[in-house]
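**Student:** Give me a 3D structure for the following:
(one chain, ligands or ions: 3)
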Amino acid sequence: MAQFTLPKNSKVQKGNHFPAENQGENMKNFKLYRWSPDDEDNPRYDDFEINLDECGPMVLDAIIHVKDKVDSTLTFRRSCREGICGSCAMNIDGRNTLACLKPINEVKGDVKITPLPHLPVVKDLVPDLSVPYAQLASIQPWMKTETEAPTRERLQSPEDAEKLNGSDGKGPAGCILCFCCSTSCPSYWWNGDKFLGPAILLNAWRWIIDSRDEATGERLDELEDPFKLYRCHTIMNCTNSCPKDLNPAKAIAEVKKLMVQKQG
Ligand code: SF4
Ligand code: SF4
Ligand code: FES
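**Tutor:** Ligands and ions are numbered 1, 2, ... in the order given. Next up, the predicted model:
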């Protein structure tokens with residue numbers, strides 16, 4: 001029989017409250033999702049009150065502040081703090097984005113933070129990216145060639161390079177694999193095991209249109225499948241959520257166009 005209620009152990013409960021050590025004029029409350037595989041407890045939201053005069057301006061600064069000064073068990077990913085590595089992707093104030101690029105002062109009221117949605121949670125704010133990474137490997141994201149390698153390098157015209165980089169730097173080569181797009185896509189929520197999702201399809205397109213790659217036909221053949229590509233219904237959540245302003249929905253539409261041309 002279908003189950004219409006959440007299993008008991010998945011309900012997010014009210015957690016602990018951590019008042020700021022030093023009160024001031026500029027206080028903000030952060031509600032952080034917590035869950036650990038090491039105990040039987042339900043997930044919870046812990047409240048951390050932060051004096052913003054004691055931390056940097058971005059949401060990532062606040063999370064690092066919590067880990068350094070309040071609760072060292074808080075678990076999250078981050079590396080570059082410059083919007084380049086993609087590892088600090090999470091859901092902040094209801095939107096998937098990069099914590100290092102999200103100014104705290106853009107959020108009105110409490111700052112609610114959860115892991116990227118619809119992925120299993122490893123711990124706290126860390127989602128399990130095994131499936132998206134396996135899907136990335138499946139599109140073989142490297143240059144495939146059959147012709148003999150030139151003595152120096154495979155050249156590309158500035159026009160062909162621009163197809164990858166975009167005239168405004170927002171071409172598909174700018175993808176940092178943060179998965180904000182895929183985890184905001186309803187089709188990926190429901191069919192994430194079979195539909196490749198916008199992040200992977202944008203990367204597939206990046207290799208399909210690379211003038212140096214010699215496996216275009218093979219790459220398109222691989223995507224000819226009722227689920228891998230065609231589960232995109234152009235809902236556009238993906239493009240709206242990309243923190244690098246890329247356009248995965250357009251990339252998917254371009255792949256579909258190439259499919260039609262190939263069949264014609
Ligand atoms: S446009 Fe396609 S990939 Fe993007 S959110 Fe919609 S269904 Fe998902
Ligand atoms: S397309 Fe944008 S949102 Fe999607 S993985 Fe790449 S950088 Fe992240
Ligand atoms: S820490 Fe690298 S993108 Fe945010």
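**Student:** so how many other residues sit close to Ser184?
**Tutor:** 26 (other Cβ atoms under 10 Å). Just so you know, the C-beta spots here come from the backbone N, C-alpha and C atoms, and that holds for glycine as well.
**Student:** For it, list the residues it contacts.
**Tutor:** The contact partners of Ser184, taken as Cβ atoms under 8 Å, 6 or more residues apart in numbering, are Arg95, Asn96, Pro117, Asn237, Cys238, Asn240, Ser241.
**Student:** Which pLDDT value belongs to it?
**Tutor:** Reading off the confidence values, Ser184 has pLDDT 97.
**Student:** Farthest pair within the contacts of Ser184?
**Tutor:** Greatest spatial distance among those (Cβ to Cβ): Pro117 and Asn240, at 14.5 Å.
**Student:** Stretch 150-170 near ligand 2 anywhere?
**Tutor:** No. Judged by Cβ under 6 Å from any ligand atom, stretch 150-170 stays clear of ligand 2, getting no closer than 9.5 Å.
**Student:** Endpoint to endpoint, that stretch covers what distance?
**Tutor:** Start-to-end span of stretch 150-170 (Cα to Cα, to the nearest Å) is 29 Å.
**Student:** now what about that stretch, what contacts it?
**Tutor:** So stretch 150-170 is contacted by 143, 145, 171-174, 206, 209-212, 244-247 (Cβ under 8 Å, 6+ apart).
**Student:** give me that answer again for 7 Å
**Tutor:** Stretch 150-170 has contacts (Cβ atoms under 7 Å, 6 or more residues apart in numbering) with Gly171, Pro172, Ala173, Gly174, Arg206, Ile209, Asp210, Ser211, Arg212, Asp245, Leu246.
**Student:** wait, which of those residues is closest to ligand 2?
**Tutor:** Checking those against ligand 2 with Cβ to the nearest ligand atom, the nearest one is Leu246 at 4.3 Å.
**Student:** Filter the contacts of stretch 150-170 down to the buried ones, ChimeraX style.
**Tutor:** Of these, the buried ones go into a single ChimeraX selection, burial set by 16 or more other Cβ atoms under 10 Å:
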select :171,172,173,174,206,209,210,212,246
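**Student:** For the contacts of stretch 150-170, work out which two are farthest apart.
**Tutor:** The distance between the two most remote of those (Cβ to Cβ) is 25.5 Å, for Arg212 and Asp245.
**Student:** Number of residues surrounding Leu60?
**Tutor:** When neighbours are defined as other Cβ under 10 Å, Leu60 has 22 of them.
**Student:** Is any residue of the helix or strand harbouring Tyr133 near ligand 1?
**Tutor:** In this assignment (DSSP states H and E), Tyr133 forms part of helix 130-138. No. Using Cβ under 6 Å from any ligand atom, helix 130-138 never reaches ligand 1; the gap is at least 12.9 Å.
**Student:** May I have that helix as CSV, with CA atoms only?
**Tutor:** C-alpha atoms of helix 130-138 as CSV (Å, rounded to 0.1, in the frame of the first residue of the first chain):
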residue,chain,number,x,y,z
SER,A,130,28.2,9.2,-5.8
VAL,A,131,25.4,9.0,-8.4
PRO,A,132,26.1,12.4,-10.1
TYR,A,133,29.8,11.6,-10.3
ALA,A,134,29.1,8.1,-11.8
GLN,A,135,26.9,9.8,-14.3
LEU,A,136,29.7,12.2,-15.1
ALA,A,137,32.1,9.4,-15.7
SER,A,138,29.4,7.7,-18.0
